[in-house]
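> compute the structure for the input listed below.
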Amino acid sequence: MKTVWVNFGSCYSGLMTRSDFMLSAQKALLGVITPNVRSVSGALDDQSITIRYIIDGEIDEDIHDELSCASVLVIADIGPADYHLRFEEEFLRLDAPATLQGEKLPLQFFERHEPSATE
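Okay, the predicted model is just below:
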């Protein structure tokens, strides 16, 4: 887990809402998702913003860097009213077919389709 204290400028000026966070994360993830990304989820409260990446297989430097760039784009959308928030980025290796249940955060930005045994 990497923790970053957010205290730099942005064009966004109000308090970040759940909808703002979801839109920002989904926009940041465009073109970044690779086949080994199983899930991207997040959490937002009055003290922190968290993004969790769940990866199938080894988390190599390239995938880590690409997804971290997406996180930076989310941070860039944070406005002055939210400078007090702590930003956390989590990378979790969870190989398929292990269940994602219990590992995802409340706000779901992306989830890979994984056929069940009955499909």
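
> would you mind identifying the next helix or strand past the helix or strand bottoming out on mean pLDDT in the chain?
Ranked by mean pLDDT, DSSP states H and E, the weakest helix or strand in the chain is strand 2-5, scoring a mean of 46. Downstream of strand 2-5, the first helix or strand assigned by DSSP states H and E is helix 18-29.

> where along the chain do the helices fall?
Along the chain, the segments classed as helices by DSSP state H run 18-29, 61-76.

> ok, which of those helices comes nearest Pro97?
Nearest of the helices of the chain to Pro97, taken as CB to CB: helix 61-76 at 20.1 Å. Using the backbone N, CA and C atoms, a C-beta is placed for each residue, glycine as well.

> pLDDT score for the residue nearest the centre of the chain?
With distances taken as CA atoms, centre = their mean, Ile51 lies nearest the centre of the chain, 3.2 Å away. Note for Ile51: predicted pLDDT of 97.

> what's opposite it in the beta bridge?
Gly42, Glu89 (DSSP bridges).

> any idea how far it lies from Ala28?
The spacing between Ile51 and Ala28, counted by CB to CB, to the nearest Å, is 9 Å.

> overlap of the contact sets of these two?
Counting by CB atoms under 8 Å, 6 or more residues apart in numbering, the common neighbours of Ile51 and Ala28 are Ser71, Val74.

> surely the residue nearest to the centre of the chain touches Glu88?
Yes. Applying CB atoms under 8 Å as the test, Ile51 and Glu88 come out as touching, 7.4 Å apart.

> next, count neighbours for the closest residue to Arg86 other than its chain neighbours.
The spatial neighbour of Arg86 that comes closest, neighbours along the chain excluded (CB to CB, 6 or more residues apart in numbering), is Ser48 at 4.3 Å. Around Ser48 there are 14 other residues, counting by other CB atoms under 10 Å.
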